[in-house]
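A.B. asks: sequence first, predicted model second:
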Amino acid sequence: MSYFEEGLKLFKEYEYESAVDLFNKALKEDSNNSEIYNYLGLSKSILGLYEDAINYYDKAIEIDENYAELYYNRANTKCNLGFYESAIEDYDKVIELVPTHSKAYDDRGFAKGNLGYYEEAIKDIDQSIVLDSNNIDAYSDRAFIKLISKKYLDAIEDYKKVLELDDKDVYAYNGIGDAKRSMGLYEEAISYYNKVLEISPANSAYAYNNRGACKIGLKMYDEAITDINKALEIYDEYTDAYNNRGTAKYNLELYKEAIKDFDKAIKLSPQYFYAYNNRGNTKNNLGLYEEAIEDFDIAISIEPQYIDAYYNRAISKNNIGKHKEAIDDYNIVLELDNNHIDAYFNRALSFYNLKNYEEAIKNYDKVIELNPNSADAYNNRGFAKYSMGLYEEALKDYNKAIEIFPDYEKAKLNKDEALKKLNN
């Protein structure tokens, strides 16, 4: 048996490091064998040594530039490194050499999806399925692309197709759970995560964590923590789990404990902007406004389109009397989402605190336009009008607030004050 054949035997037995040793010996006997380089690349990739793997595929392609699998394997390795553009070029070459290569269409689509080219991604995966209607990975990948592009119902349909082909596929159950959770259907989502836990309880940190996230959505915070603890027992470097557990503790007003979890999430993933935002909110509730603003600043520096961080930073700025700066942040929020009702409401408060009553009223007008049943908006608009001496108009707003919420004591007190002014 040759060194290469012995290496193949060990490769098939999952003894990759030993296989690499034998493949290297085989190279000394035949340095122009592209298949030896290919298997060295495959072994290195499985061992997580992706750059080494790419070097071997490069050498193999120099020897045999028309060997499609070399481009395919190199592309997959580039995807593992996040080099999606370069991977797509390799998948293009595979398809050029083998136009019926179903997996290349699927994986090229997945790479495009990771770059945000969702429509192109789905077209590629559609073609993969045309070429092989039983390609379970293609249905799973197409479902994932639909999930991240927020086409939740379509994603669910593809995941169900996966389950028709394999009713034990935990990725599909997790995927349907994720789609349901994203739609706010927490109880339905939990039933799918439960299925994952039935099939594979020992390897289901993801399902425990996301079931916990659903329970946070259902305000079952203690139960959520129990689930997330189980996730962390399985995988103790799970960034999302620390962030979610911190969120549950935040909602239980266990602020100092929550901060410890957000700290851990940030230590594990320094670019994880959600944890900075959540830690900022927690510090805000502890009255640590300046520290909170620092966290929101970091979140925004990592993700400049992160609307929640701008909104929360504005709240903190309001709390320390920086109303003009707060308004600047609310303005950014409303540029990103011109129907953000809370931003209009709180921007109105900022304008009021600056004694710019007219602008405050305009913002309350917008709140009422978006939600005609906002008793608080009517009450506050009435107070702004009262501050301008417009007592009759203020009275109308107070009456409307009380009509919406008959037990609104603050509006009743304000109404009494307005009546006193009118009767003087």
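C.D. replies: Now that the structure is in, tell me what you want to look at.
A.B. asks: wait, Ser34 touches Asp64, no?
C.D. replies: Yes. If you go by Cβ atoms under 8 Å, Ser34 and Asp64 touch, sitting 4.1 Å apart. All C-beta atoms are positioned from the backbone trio N, CA, C, and that covers glycine.
A.B. asks: settle it for me: which of those two has more neighbours?
C.D. replies: Ser34 (19 against 16; other Cβ atoms under 10 Å).
A.B. asks: circling back to that earlier point, overlap of the contact sets of Ser34 and Asp64?
C.D. replies: Residues touching both Ser34 and Asp64 by Cβ atoms under 8 Å, 6 or more residues apart in numbering: Leu70.
A.B. asks: gap between stretch 171-188 and the chain center?
C.D. replies: Distance of stretch 171-188 from its chain centroid, counting by Cα atoms, centre = their mean, to the nearest Å, is 14 Å.
A.B. asks: cool, and stretch 412-424?
C.D. replies: Computed by Cα atoms, centre = their mean, the chain-centroid distance of stretch 412-424 equals 50 Å.
A.B. asks: buried stuff in that stretch?
C.D. replies: For stretch 412-424, the neighbour count (16 or more other Cβ atoms under 10 Å) marks 414-415, 418 as buried.
A.B. asks: who touches that stretch?
C.D. replies: Residues outside stretch 412-424 that contact it (Cβ under 8 Å, 6+ apart): 379, 382-383, 386, 391-392, 394-395, 398-399, 402.
A.B. asks: swap the cut-off to 6 Å and go again
C.D. replies: 386, 391, 394-395, 398 (Cβ atoms under 6 Å, 6 or more residues apart in numbering).
A.B. asks: strands - which of those residues land there?
C.D. replies: Judged by DSSP state E, the contacts of stretch 412-424 include no members of strands.
A.B. asks: for those, work out which two are farthest apart.
C.D. replies: Using Cβ to Cβ, these reach their maximum pairwise distance at Tyr391 and Tyr398, which is 10.2 Å.
A.B. asks: those two: which has the busier surroundings?
C.D. replies: Tyr398 (28 against 19).
A.B. asks: leaving out the residues flanking it, which one is nearest to that one?
C.D. replies: Leaving aside its chain neighbours, Tyr398 sits nearest to Lys415 (4.0 Å; criterion: Cβ to Cβ, 6 or more residues apart in numbering).
A.B. asks: the one you found sits in which helix or strand?
C.D. replies: helix 409-423 (DSSP states H and E).
A.B. asks: what of Glu62?
C.D. replies: In the assignment (DSSP H and E), Glu62 maps to helix 50-63.
A.B. asks: buried residues in that helix?
C.D. replies: Neighbour counts over helix 50-63 (16+ other Cβ under 10 Å) mark 50, 52-57, 59-61, 63 as buried.
A.B. asks: also stretch 80-90?
C.D. replies: So for stretch 80-90, counting by 16+ other Cβ under 10 Å, buried means 83-84, 87-88, 90.
A.B. asks: ok now that stretch, how far from the chain's centre?
C.D. replies: With Cα atoms, centre = their mean as the basis, stretch 80-90 stands 22 Å off its chain's centre.
A.B. asks: thinking again about what came up before, mind saving the C-alpha coords of the helix holding Glu62 as PDB?
C.D. replies: Taking Å, rounded to 0.1, in the frame of the first residue of the first chain, the C-alpha atoms of helix 50-63 are listed here in PDB:
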ATOM      1  CA  TYR A  50      -7.800  27.100   6.500                       C
ATOM      2  CA  GLU A  51      -4.900  29.200   5.100                       C
ATOM      3  CA  ASP A  52      -2.700  26.100   4.900                       C
ATOM      4  CA  ALA A  53      -5.600  24.300   3.100                       C
ATOM      5  CA  ILE A  54      -5.800  27.100   0.600                       C
ATOM      6  CA  ASN A  55      -2.100  26.900  -0.100                       C
ATOM      7  CA  TYR A  56      -2.400  23.200  -0.900                       C
ATOM      8  CA  TYR A  57      -5.400  23.800  -3.200                       C
ATOM      9  CA  ASP A  58      -3.400  26.600  -5.000                       C
ATOM     10  CA  LYS A  59      -0.600  24.100  -5.700                       C
ATOM     11  CA  ALA A  60      -3.100  21.400  -6.900                       C
ATOM     12  CA  ILE A  61      -4.700  23.900  -9.300                       C
ATOM     13  CA  GLU A  62      -1.300  24.800 -10.700                       C
ATOM     14  CA  ILE A  63      -0.900  21.200 -11.600                       C
END
